[in-house]
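[1] mind looking at a prediction? Sequence and model below.
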Amino acid sequence: MIRSIFILCNGTPLYTETDKPTEDIHALLSGFLSAFQVLAHNINEASINKVELETKTYYYANKEPILSVVEATKDDDLDDQVYQIAAERIARKFLETYPKRLIDKWCGDLDDFIGFKDSTSVVVDEIEQMRSQSHKEFITKYFVEAAKDEKILGAVVFDLNQDEIVASDIPPDIAVEDFEAFGSMLFSFIDRLGKQLKAGGINELIIRAKNYWIGGFRKVDLAVFMIFTMDYFGKIMPDFVKDLIE
């Protein structure tokens, strides 16, 4: 479970969100987080992306000029990679919201970043949904495996019954709301298409977008959309078709 979220720049906290009492926050920030960013910077090229203490784990993502830190207590059986993805998503979103040029001009007023809570709430809520899902193992398996494949640029897990996203990690130029808009509608359409063509149930589909391939498959009441690089599927379309598309 996520307990705290920190955004640091040169050891200075730009954004802090925590369920701890105020005095504990200041004690923590006094030196630990500053040292943490130095540690993260020094081992950035290594495969280490978390620091484990006795009762909590700190997952971090180093995205210059900031460090995103997610503090979590392992009171669930979610894969570590889920929390690591959360730290990555929060770092990317912070830089989308507050570009480097704004951070470089920052004058020290923490209220400048107070609106970021709306963005972190989305990530925290999705983690909570994953913890309570009846298909938790299914979700974490595909979500985590997608994150490990460099040719998979993102993944969205969609609950077709509830008509809502339960987990997502997608490139910044794709709006997650787009998947909310067409997730269930798309699979309703291919259900009708399968019946019309007498092809039986259709559970997988591939869509070619301008910059990505989007693959979708269904398992019971969940749909998983994966966003692939253009070369992931190799040459599956004739050149003259690709020329017309491009």
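    Now that the structure is in, tell me what you want to look at. Numbers count the residues shown, from 1 in each chain.
[2] state the phi and psi torsions of residue 157.
    Backbone torsions for residue 157, taken as degrees, to the nearest 10, come to phi -110, psi 120.
[3] report the contact partners of it.
    139, 142-143, 165-168, 222-224 (Cβ atoms under 8 Å, 6 or more residues apart in numbering). Every C-beta, even on glycine, is put in place using the N, C-alpha and C of the backbone.
[4] redo that, cut-off 7 Å
    139, 143, 165-167, 222, 224 (Cβ atoms under 7 Å, 6 or more residues apart in numbering).
[5] that one bridge partners, please.
    Beta-bridge partners recorded for residue 157 (DSSP bridges): residue 167, residue 224.
[6] where's it relative to residue 178, distance?
    15 Å (Cβ to Cβ, to the nearest Å).
[7] which stretches in this protein count as strands?
    2-9, 12-18, 50-52, 57-63, 66-72, 152-159, 164-169, 204-208, 213-219, 222-228 (DSSP state E).
[8] which of those sits most buried?
    Among the strands of the chain, ranked by average contacts under mean count of other Cβ atoms under 10 Å, first place goes to strand 66-72 (a mean of 25).
[9] quick one: list the elements packing against that one.
    Judged by 3 or more Cβ pairs under 7 Å, 6 or more residues apart in numbering; DSSP states H and E, the packing partners of strand 66-72 are strand 2-9, helix 32-42, strand 57-63, helix 80-97.
[10] list the buried residues for stretch 116-124?
    Residues of stretch 116-124 classed as buried by neighbour count (16 or more other Cβ atoms under 10 Å): 116, 119-120, 123-124.
[11] one step back: dump the strands of the chain to CSV, plus distance to residue 98.
    As requested, these are arranged in CSV below (distance: least, Cβ to Cβ, whole Å):
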stretch, distance to residue 98
strand 2-9, 9
strand 12-18, 8
strand 50-52, 24
strand 57-63, 12
strand 66-72, 9
strand 152-159, 22
strand 164-169, 20
strand 204-208, 33
strand 213-219, 29
strand 222-228, 25
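[12] who wins for proximity to residue 128 among those strands?
    strand 2-9 (8.4 Å; Cβ to Cβ).
[13] that closest one pairs with which strands?
    Here strand 2-9 has these sheet partners by DSSP bridges: strand 12-18 (antiparallel), strand 66-72 (antiparallel).
[14] angle of the last one against helix 80-97?
    So the one you mean is strand 66-72. 140 degrees (axes from the mean of the first three to the mean of the last three Cα atoms, to 10 degrees).
[15] residues making contact with strand 66-72?
    Here strand 66-72 makes contact (Cβ under 7 Å, 6+ apart) with 1-9, 36-37, 40, 56-61, 83, 86-87, 90-91, 94-95, 103.
[16] end-to-end on stretch 5-13?
    10 Å (Cα to Cα, to the nearest Å).
[17] who's residue 9 bridged to?
    With DSSP bridges as the rule, residue 9 is bridged to residue 12.
[18] possible to save the strands of the chain as JSON lines with mean pLDDT and distance to residue 128?
    Converted to JSON lines, the strands of the chain look like this (pLDDT from 0 to 100; distance: least, Cβ to Cβ, whole Å):
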{"stretch": "strand 2-9", "mean pLDDT": "89", "distance to residue 128": "8"}
{"stretch": "strand 12-18", "mean pLDDT": "88", "distance to residue 128": "15"}
{"stretch": "strand 50-52", "mean pLDDT": "81", "distance to residue 128": "20"}
{"stretch": "strand 57-63", "mean pLDDT": "86", "distance to residue 128": "16"}
{"stretch": "strand 66-72", "mean pLDDT": "90", "distance to residue 128": "12"}
{"stretch": "strand 152-159", "mean pLDDT": "83", "distance to residue 128": "14"}
{"stretch": "strand 164-169", "mean pLDDT": "81", "distance to residue 128": "10"}
{"stretch": "strand 204-208", "mean pLDDT": "82", "distance to residue 128": "29"}
{"stretch": "strand 213-219", "mean pLDDT": "83", "distance to residue 128": "21"}
{"stretch": "strand 222-228", "mean pLDDT": "84", "distance to residue 128": "17"}
